[in-house]
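In: Compute the structure for the input listed below.
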Amino acid sequence: MTKNLDDAIAEAGSAHKLLWDSPAPPAVVPRVVPEFSNWRDEQLSWRTNAVIFDQSHHMADLNIKGPDAKKLISDLAVNSVEKFPVDTAKQFIAVNHDGYVIGDNILFHLEEDEYQAVGIPPSINWLHFHAETGGYDVRVWRDDNSLYRSGDPVVYRFQVQGPGAMDVMKEAIGSEPPKLKFFGMTRFTIGGKEVRALRHGMAGEPGFEMWGPWEDVDAVHGALLKAGEKFGMVQVGARAYHTNALESGWQPRPLPAIYTGEKMADFRRWLQDSAYEATSPLGGSYYSQNIEDYYITPFELDYGRVVRFDHDFVGREALERMVEEGLPEKGRKKVTLVWNNEDMTEAFGSALFGPAPGAKFFNLPMALYDTFHYDQVQTANGQQVGLSLWTGYSANERAMLSLAHMEPEFAEPGTEVTVVWGEETRSKKSQVEDHVQVKIRATVQPAPLTEYARTVYRADS
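Out: A predicted model of the protein is given here:
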């Protein structure tokens, strides 16, 4: 009999123990060259030049088609889909019945009754579960990422972005790129193939995300590379790819709030024990055996600006209560932490060159050794005032950065705090070596960190 997530939790003894001691490696970008040149220059290029990302392999696609497709989405999304015309895209954000975030993805409205959800598994699985079990008149097909799939993807997906992106696109298309609003979609021809495209950018810079059938991948990719030669376009590899979120301010991997509650039990039984949610490792200096202490509200992710109570959806009543209680104002705020260079130099050196055991090793450029990561953020006297979730090095800022959620009184730019790095209660994860916890000073800054992403780019979106 196939085991499910509920079975795996019971066997481990708790959801926290299941994930804390998970032997699985952290999530990565599969089947993409780690570095085409070096990850430092690749990071620098998305601020100064044009870059191309290969997004064909690390995300799941769920295609939803049928008369009830829009109703299915509306019943699960905290944001409204009432105004969602064909050839536009939206961020889909889902919460559980208690108002805590399950995940998000990008929804493409392809045809009148056809949508495609693209992203990491938690929100994709939530949509898929309801499509199969909710009595909706829809048909779905799914293409998981290349870690789970055998064979090639159904579609390729590339993104060209950066200050020089539109020059590359003009060369590839043979004419001026169409002027679209953020998340507007269009079609054009590249390399003799029809390409669908989304006006988008991942580090706050302008660009297009493009996709089409896998059989066209070589023609389209080749044409984009040829167009980019004239402008020195840089290919970005798997190592640098995830760090763009540090600069754009998007929090990629909050722990999905699915592990508790009877109302979520059917979903847990629907998920197999090999699912992303059952195997992805949890780590960091924050430690609580109560898995609900890791749950996050949409307001902490700065999604309160898109929550709409103009439709019924799972979690609506809980979010309305949070608003009535003033949680959007009183709750934690998303910020960027800029880690102190002197402390980082000392900690990194101790991990490799000082007496053992030293600090936990920092993978570069993404420092994380797990999929779901939570570090304590403290005041100088040890009071916990936040959680840091997404940590890596930016060559653009010449600093280690993290995206964190801070108590309001400690969320003002310029506030000095301390990040605790390393596990006090050491897990059994194979990627965790013997180490000691260290404290690293950090300065609170806005999220997104770059002014362009905070002002012009966000206004467009």
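
In: Any chance of the backbone angles for residue 280?
Out: Main-chain dihedrals, residue 280, degrees, to the nearest 10: phi -70, psi 130.

In: Pull the contacting residues for the residue nearest to it when sequence neighbours are not counted.
Out: Distance criterion Cβ to Cβ, 6 or more residues apart in numbering; nearest residue to residue 280, sequence neighbours excluded, is residue 371 at 3.7 Å. C-beta: built from backbone N, CA, C; applies to glycine. For residue 371, the contacting residues are 24, 26-27, 253, 280-282, by Cβ atoms under 8 Å, 6 or more residues apart in numbering.

In: Would you mind confirming that residue 160 is in contact with residue 171?
Out: No: using Cβ atoms under 8 Å, residue 160 makes no contact with residue 171, being 10.5 Å away.

In: Who has more neighbours out of these two?
Out: residue 160 (28 against 18; other Cβ atoms under 10 Å).

In: which residues are common contacts for residue 160 and residue 171?
Out: residue 228.

In: gap between residue 409 and residue 338?
Out: For residue 409, the distance to residue 338 equals 19 Å [Cβ to Cβ, to the nearest Å].

In: These two: which is more packed in?
Out: Legend: neighbour count by other Cβ under 10 Å for residue 409 and residue 338, higher for residue 338 (19 against 9).

In: got the contact list for the closest residue to residue 364 other than its chain neighbours?
Out: Leaving aside its sequence neighbours, residue 364 sits nearest to residue 393 (Cβ to Cβ, 6+ apart; 5.5 Å). Listed by Cβ under 8 Å, 6+ apart, the contact set of residue 393 reads 243, 362, 364-365, 367, 399-401.

In: out of the residues you listed, which one sits closest to residue 110?
Out: Nearest to residue 110 among the contacts of residue 393, counting by Cβ to Cβ, is residue 243 at 30.2 Å.

In: What degree of burial does the closest one show, as a neighbour count?
Out: Neighbour tally, residue 243, other Cβ under 10 Å: 27.

In: try residue 212
Out: Per other Cβ under 10 Å, the neighbour tally for residue 212 reads 20.

In: Would you agree it is in contact with residue 220?
Out: Yes: under the contact definition of Cβ under 8 Å, residue 212 touches residue 220, with a separation of 6.4 Å.

In: any idea how far residue 338 lies from residue 400?
Out: 8 Å.

In: swap that for residue 118, please
Out: Per Cβ to Cβ, residue 118 is found 29 Å from residue 400.

In: Those two - which one has more neighbours?
Out: The residue with more neighbours, out of residue 118 and residue 400, is residue 400; 27 against 23, by other Cβ under 10 Å.

In: since we're on the closest residue to the more buried one other than its chain neighbours, how many residues are nearby?
Out: Nearest residue to residue 400, sequence neighbours excluded (Cβ to Cβ, 6+ apart): residue 339, at 3.9 Å. If you count neighbours by other Cβ under 10 Å, residue 339 ends up with 22.

In: residue contacts, residue 339?
Out: Neighbours of residue 339 in contact, by Cβ under 8 Å, 6+ apart: 399-402, 419, 440-442.

In: Adding distance to residue 247 and pLDDT, write those out as JSON lines.
Out: Formatted as JSON lines, those follow (distance: Cβ to Cβ, whole Å; pLDDT from 0 to 100):
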{"residue": "399", "distance to residue 247": "11", "pLDDT": "97"}
{"residue": "400", "distance to residue 247": "13", "pLDDT": "98"}
{"residue": "401", "distance to residue 247": "8", "pLDDT": "98"}
{"residue": "402", "distance to residue 247": "12", "pLDDT": "98"}
{"residue": "419", "distance to residue 247": "18", "pLDDT": "98"}
{"residue": "440", "distance to residue 247": "20", "pLDDT": "98"}
{"residue": "441", "distance to residue 247": "21", "pLDDT": "98"}
{"residue": "442", "distance to residue 247": "16", "pLDDT": "98"}
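
In: Now flag whichever of these is closest to residue 77.
Out: So of these, ranked by how close each gets to residue 77 (Cβ to Cβ), first place is residue 402, at 28.1 Å.

In: Check which element follows the helix or strand hosting the closest one along the chain.
Out: Secondary structure assigned from DSSP states H and E places residue 402 in strand 399-406. As assigned by DSSP H and E, the chain's next helix or strand after strand 399-406 is strand 416-421.

In: Provide the strand pairings for that following strand, with the direction of each partner.
Out: strand 375-378 (antiparallel), strand 438-445 (antiparallel) (DSSP bridges).

In: now what about that strand, what contacts it?
Out: 285-286, 337, 339, 347, 359-360, 375-380, 385-386, 388, 402, 404, 406, 410, 437-444.

In: of those, buried ones?
Out: Among the contacts of strand 416-421, those that count as buried by neighbour count (16 or more other Cβ atoms under 10 Å) are 285-286, 337, 339, 347, 359-360, 375-378, 385-386, 388, 402, 404, 406, 410, 438-444.

In: Let me know the pLDDT of the residue nearest to residue 280.
Out: Looking at residue 371, its pLDDT reads 97.

In: again, but for residue 460
Out: 50.

In: repeat for residue 205
Out: With respect to pLDDT, residue 205 has a value of 68.

In: and for residue 212 and residue 220, which residues touch both?
Out: Taking Cβ under 8 Å, 6+ apart as the contact rule, residue 212 and residue 220 both touch 156, 193, 195.

In: What is the lowest-pLDDT residue among the contacts of residue 371?
Out: Lowest pLDDT among the contacts of residue 371: residue 27, 87.

In: where are the low-confidence patches of the stretch 151-300 of the chain?
Out: Within the stretch 151-300 of the chain, the segments meeting pLDDT under 70 span 202-205.

In: any idea where the strands of it begin and end?
Out: Secondary structure of the stretch 151-300 of the chain by DSSP state E, counting those that start in this stretch: the strands cover 155-161, 185-190, 193-199, 207-213, 234-236, 282-283.
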